[in-house]
Each structure stands twice: as C-alpha cells, then as structure tokens.
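**Student:** The sequence and its predicted three-dimensional model are supplied below.
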Amino acid sequence: MNFKNTINRFTGVKRGQVLVEFALIIPIFILVFLCIVQTAMIFNAQYTANYASFCGARAAIVHAKIPDKPDVYANLAARFVLNAGSLNPLKQIALVKGEYMLFEYRVTVTILVRNYIPGYNLIVPVFPVKGSTRLPIE
C-alpha cells in the first residue's frame, strides 16, 4: 500500500458529501436566524408601543384641563414617538386609542409587525403588538 492510495481512500470517496450536508443544514440555519430577527422586531415593537402609550397618556393628562379633547393630544404625542426614527412602515399606521376611566386616562397603542418567517407568514401575516398605559387624573 503506497501513500497515494492512503490519501485517496480518505479524500476521494467523500466527494460531494459536504455539499449535501450544507444543502440539508442551511435552510434550518436560515429559519433559526429569521426567527431570531422576528423576535427582536416584536420586542422592539413592544417597547415602542409601551413608550408611545406612556407619552400619549402623559400628554392627555397634562392637557386634561384644557377644553379641547385630550384624545387629540394623546394621539399627537403617541404619533410623535411612533414616527421618530422608525424603520417599520407599519408603525406609522398604528392604532392609538385613548379613553377615560373613573379617575384615570388610558392610552392603548397597537402596532402591526409583519411576519418574515417563511411558510408561517401565510398563516399569520402580521403580529399585533399592544402597549397600554393608565395614568391617574389629578
């Protein structure tokens, strides 16, 4: 047995095996990566919705004594937060809802996050993410 036959025995038999393994594994890696990105987008939308609802509720409470409707101030403040530096175009069409409760004012912001996971986006095209804040009227 010579040296060339030994090398061919270990390298020549496995031609194309790495390509087949790569072709089988890369879709799984891409799917896991897209799931991680989708989770990050949902957490970002949750944080933005909570902060926008807080700013909207605060603006409504500050302007509650003005005869205008506090809904307008809540909506303007929440829209300012939603439009500031947003890469998600669906944040601009988010639903902002303000309402009086007994001694407090509540603002709810709903942001639609587009689903980027292949296959699953046919079943669930968007994820609605809600943030709500209640502040007392003094």
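**Tutor:** Cool, got the structure.
**Student:** which stretches of the chain form strands?
**Tutor:** Remark: strands assigned in the chain by DSSP state E are 95-100, 104-114, 126-136.
**Student:** what packs against the last one?
**Tutor:** Pointing back at strand 126-136 there. Secondary structure elements in contact with strand 126-136, counted by 3 or more Cβ pairs under 8 Å, 6 or more residues apart in numbering; DSSP states H and E, are helix 17-62, strand 104-114. Glycine gets a C-beta too; all of them are placed from N, C-alpha and C.
**Student:** How far does that strand sit from its chain's centre?
**Tutor:** What separates the centre of strand 126-136 from the centre of its chain is 13 Å, taken as Cα atoms, centre = their mean, to the nearest Å.
**Student:** What strands flank it, and is each parallel or antiparallel?
**Tutor:** The pairing partners recorded for strand 126-136 under DSSP bridges are strand 104-114 (antiparallel).
**Student:** quick one, the strand it pairs with and helix 17-62 angle?
**Tutor:** Angular relation of strand 104-114 and helix 17-62 on a 0 to 180 degree scale: 160 degrees, by axes from the mean of the first three to the mean of the last three Cα atoms, to 10 degrees.
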